[in-house]
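>>> Next one to model:
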Amino acid sequence: MLIKRLLIVTMILVSLTSYAQVTNPVSVNISLTPPHSAILSEYTSIGSNKLIASIRLNDLSEPMWNVRLRITLESSQVRISTKLNFKPTIPIEISPGEVLQISGEELAPYLNYANIDVQGITMYELQQNGIIPEGFYTFTVEVYDYNSNRLLSNTANFNALIQLNGVPIVQTPGIGSVVMQASPLNIPFQWQLSSPSIYGDPSSIEYQLSLYKILDPNVNPVNSIINNVAEKIYESNFSNATSLVYGINDHPLEVGEKYSFTVQARDIDGRDIFKNNGYSEVGWFYYGYPANGNISINVPENGKAFSISEFKRFWWSKPDNVQNDQQVSYHLKIVELGENQDSINAINNNPAWFEYSSLPQIGSNGYDFMLNKPLARQVKYAWQVKAFTGEQEIAKSEVRTFIGPPVIEKFMAGNHEVIVTKTINNDLANLSGSGRVKVSENNEFIDFDFENLNIGNSGGENVLVSGQIISEIINPQVITLEPNYADNGNAFFYPETYKLDKNALSIKGSIKWVFPLVSDQSNIAEVVTNSGWVNYNSYKLLGSISLGNQNQFNLVDPFGYYMEFDSLANFLVSENKFTLRLFGELSLPEDIVNIDGQRMILPFRNVDNLFFFSQTNVNCPKNILLADNTKLQYRPLDYTVDFSETQSVDEINPNQA
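Residues are numbered from 1 along each chain as shown. Below you'll find the model as predicted:
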């Protein structure tokens, strides 16, 4: 039984093998010879061994077989394949047991443009240069019966990376580098391919250098050519050399300008075998260090007036175009400015009043210089600083001005010291200029201009004899006034102007105080004074400011009263504390009338709060009518007003209302 079972198994295996041989009567293998070209025609050119298909007839019962091929190249994006029904004019004849290798021109019909289907690119794109897009491809070959669409073979596969030659990489000059000015002109350019040539001998490659002057200093140099803001000034002949010296016989370069360039590689046989059409990335360099930079001035400010004792400091930042490790020196020039002379004209044409050149330094962050030469009083100067690398001027500052010390350094106005920062004439009896004075206990100073001051001498000290200094307050700080009567709450002084004369420092402004009773105004009701002057000698307010004529209020609680203040009312202020001195009229509710049937009005004077106050010896213009249609009337001589919630009238005088 065991022998019979083994015989059955053996017969089954033999049968399966025979069946397999009949299923694939032909076997095929393919191989690709590197480097793997992107030029489709190189796989089918005469004598090419880039693609080899090896075919074997396995069916020994057939004396021969006429066959044809189907070739496919497929990547993730592109598919090129022989048309399914294509039949070449002459079939491939294979005999049993022999291996037939097909390559070169024998494969040409199967990849002829007329005999292929393409996907992922258009036929027009493929025919333009015969280049297939770069990528990982699977090459497949299948064998079909010549006279039918019967597939006779396995599908043979071969994977290959298809790529073009890399572009040139420029080694010198480096991108963004500085090519030093030289005489005679001598700039070496050197490059190499980014990878070894895939397409044969490197001697079959030639190169061309193109050089451009960048016309727009603000454009990114890498984009200068594509954005058409660069002028081509040089183009070499194509050559096998991978270096070139730009020299004295070539177009001259301008110091401080930027230049961009490209190197193009091409195949001497005209094959399109390079990425980016053979162009390198755009390189660029400065010829000489960047020029026309700007130096920002930190101090002194333009138009600065130096005092007699002030340090004369000149401080500027490094040029905005300086490069890393660039050596920089500075040249400071100061000239006297003629009357009505333009500062730029003066710096260019007037003899130097003072000059200074620094030692060269690397990695400069700017420069700080103290001028020790005395300045002439009242003289105006122009100045400028320039930066150099070697003999090349790379940057400069704007031309600025400053003024020498004033005729006098200070004077006293009352007990206030005025520091003179600038004078525009020399007549102390009619002096004009600028100065500064302290205006707070926190050592806050204000700057101001003055005109026509009479400055005299007292005990060897300059003093203000006549004239005054007026200065508008640019950024006023509100001054809080505390009440002497606590329930009144704070008031606020809004300063406007300072005034200084030989007697005192004064300040002008107005006071606002929140009206403490409930009125019908939609916004917060305020009592507002006129604008007035008060003494400010001790940097605290002293004086009084009268109310304006727009302080009228309809009361809601208590309801029906109307209060109006007149121009005699004022705020009495001392040491930034205030006392109310209110004058005006209180109109009683409309159902309380005088003998003429009009609303009854009670005058009040010198009231220090509105919550609870009494008046005596009142002079009412009209008496109160006690009953309609009678002549009964009452003349109030004294009265008390109680709008408070904390006080009450304990005893009412018979004469009080």
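>>> what about the residue nearest the centre of the chain, distance to Arg377?
Centroid check for the chain by C-alpha atoms, centre = their mean gives Asn218 as the closest residue, at 15.2 Å. Noted for Asn218: a distance of 45 Å to Arg377, by C-beta to C-beta, to the nearest Å. The way it works is simple: take the backbone N, C-alpha and C, and place the C-beta from them, glycine included.
>>> for Asn340, same thing?
For Asn340, the distance to Arg377 - C-beta to C-beta - is 19 Å.
>>> Give me the more crowded residue out of the two.
Remark: of Asn340 and Arg377, Arg377 carries more neighbours, 14 against 5, as counted by other C-beta atoms under 10 Å.
>>> My guess is that one contacts Pro406. True?
Yes. Using C-beta atoms under 8 Å, Arg377 is in contact with Pro406, at 6.9 Å.
>>> what are the ranges of the strands in the stretch 51-200 of the chain?
All strands of the stretch 51-200 of the chain, identified by DSSP state E, counting those that start in this stretch, fall at 51-57, 65-74, 79-82, 92-94, 99-103, 116-119, 135-145, 156-162, 168-172, 177-179, 186-193.
>>> would you list those in a markdown table and tack on distance to Asp608, mean neighbour count and mean pLDDT?
Putting those into a markdown table (distance: least, C-beta to C-beta, whole Å; neighbours: other C-beta atoms under 10 Å; pLDDT from 0 to 100) gives the following:
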| stretch | distance to Asp608 | mean neighbour count | mean pLDDT |
| --- | --- | --- | --- |
| strand 51-57 | 114 | 22 | 96 |
| strand 65-74 | 103 | 20 | 96 |
| strand 79-82 | 102 | 20 | 97 |
| strand 92-94 | 126 | 17 | 95 |
| strand 99-103 | 120 | 15 | 95 |
| strand 116-119 | 100 | 16 | 96 |
| strand 135-145 | 97 | 19 | 97 |
| strand 156-162 | 100 | 16 | 95 |
| strand 168-172 | 90 | 17 | 94 |
| strand 177-179 | 81 | 17 | 90 |
| strand 186-193 | 92 | 17 | 94 |
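>>> Among these, which comes closest to His36?
strand 156-162 (4.2 Å; C-beta to C-beta).
>>> Relative to the whole chain's centre, how far out is the closest one?
52 Å (C-alpha atoms, centre = their mean, to the nearest Å).
>>> Stretch 27-44 now?
Worked out by C-alpha atoms, centre = their mean, stretch 27-44 lies 55 Å from the chain centre.
>>> Quote the end-to-end distance of it.
End-to-end distance for stretch 27-44: 22 Å, by C-alpha to C-alpha, to the nearest Å.
>>> which of the residues in it are buried?
Neighbour counts using 16 or more other C-beta atoms under 10 Å place 27-30, 32, 35-40, 42-44 of stretch 27-44 among the buried residues.
>>> Ok, stretch 376-395 next?
Within stretch 376-395, judged by 16+ other C-beta under 10 Å, the buried ones are 378, 380-389, 393-395.
>>> Widest-spaced pair of these?
Gln378 and Thr389, at 38.6 Å, using C-beta to C-beta across the buried residues of stretch 376-395.
>>> got any ranges where the protein has weak pLDDT?
1-22, 363-364, 647-657 (pLDDT under 70).
>>> Would you give the sheet partners of the lengthiest strand in it, along with the direction of each?
Taking DSSP state E as the criterion, the chain has its longest strand at strand 445-458. Take DSSP bridges as the rule and strand 445-458 pairs in its sheet with strand 431-438 (antiparallel), strand 461-466 (antiparallel).
>>> Now mean neighbour count and distance to Asn159 too, for these, in CSV please.
As requested, the strands paired with strand 445-458 are arranged in CSV below (neighbours: other C-beta atoms under 10 Å; distance: least, C-beta to C-beta, whole Å):
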stretch, mean neighbour count, distance to Asn159
strand 431-438, 20, 85
strand 461-466, 16, 99
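>>> what residues are up against Phe136?
75-76, 159-162 (C-beta atoms under 8 Å, 6 or more residues apart in numbering).
>>> Next: Asp216.
For Asp216, counting by C-beta under 8 Å, 6+ apart, the contacting residues are 224, 229.
>>> What helix or strand is it located in?
For Asp216, there is no host helix or strand (DSSP states H and E).
>>> Quick check: Pro109 touching Pro91?
No. Between Pro109 and Pro91 there is no contact under C-beta under 8 Å: 11.0 Å.
>>> Neighbour count: the two, which is higher?
Pro109 (18 against 14).
>>> Just give the nearest non-adjacent residue to the more buried one, would you?
Pro88 (4.4 Å; C-beta to C-beta, 6 or more residues apart in numbering).
>>> try Phe604
That would be Gln615: by C-beta to C-beta, 6+ apart, it lies 5.3 Å from Phe604.
>>> Please apply the same query to Leu547.
Ala569 (4.3 Å).
>>> do the same with Asn415
Per C-beta to C-beta, 6+ apart, closest to Asn415 is Asn537, 6.9 Å.
>>> what residues are up against that neighbour?
Per C-beta under 8 Å, 6+ apart, neighbours of Asn537: 414-416, 504-505.
>>> Bridged to the residue nearest to Gln171 when sequence neighbours are not counted, which residues?
Spatial nearest neighbour of Gln171, chain neighbours left out: Gln190 (4.7 Å); criterion: C-beta to C-beta, 6+ apart. Counting by DSSP bridges, Gln190 is bridged to Thr172, Ser243.
>>> Hmm, Thr262 and Ser224 touching each other?
No. Shown here, Ser224 and Thr262 do not form a contact pair, counting by C-beta under 8 Å, at 10.8 Å.
>>> Spit out the residues that contact the two alike.
Joint contacts of Ser224 and Thr262 (C-beta under 8 Å, 6+ apart) are Val282.
>>> mind checking the SS state of the nearest residue to Gln550 once chain neighbours are set aside?
Nearest residue to Gln550, sequence neighbours excluded (C-beta to C-beta, 6+ apart): Val528, at 7.1 Å. Using DSSP: H, G, I helix; E, B strand; the rest coil, the three-state assignment for Val528 comes out as strand.
>>> Who are the contact partners of Val528?
Counting by C-beta under 8 Å, 6+ apart, Val528 has contacts 510-513, 547-548, 550-551.
>>> one more time with 10 Å
494, 510-513, 515, 547-548, 550-551 (C-beta atoms under 10 Å, 6 or more residues apart in numbering).
>>> Same check on His331?
355-358, 384-388, 393, 396.
>>> same thing but at 7 Å, please
357, 385-386, 388 (C-beta atoms under 7 Å, 6 or more residues apart in numbering).
>>> for Asp608, same thing?
Contacts of Asp608 by C-beta under 7 Å, 6+ apart are 485, 579-581.
>>> ChimeraX command for the buried members of these?
Buried residues within these, by 16+ other C-beta under 10 Å, are selected in ChimeraX with:
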select :579,580,581
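>>> neighbours around Trp315, how many?
The burial count for Trp315: 13, using other C-beta under 10 Å.
>>> Is it in a helix, a strand, or coil?
Assignment for Trp315 (three-state DSSP): strand.
>>> so what's it bridging to?
Val299, Asp368.
>>> ok now do Lys512, which residues does it touch?
491-492, 494, 526, 528.
>>> Could you do Asp447 as well?
Counting by C-beta under 7 Å, 6+ apart, Asp447 has contacts 434, 436.
>>> who's Leu151 bridged to?
Here Leu151, judged by DSSP bridges, has bridge partners Tyr144.
>>> That one reaches Val141, doesn't it?
No. Counting by C-beta atoms under 7 Å, Leu151 does not reach Val141; the two are 11.7 Å apart.
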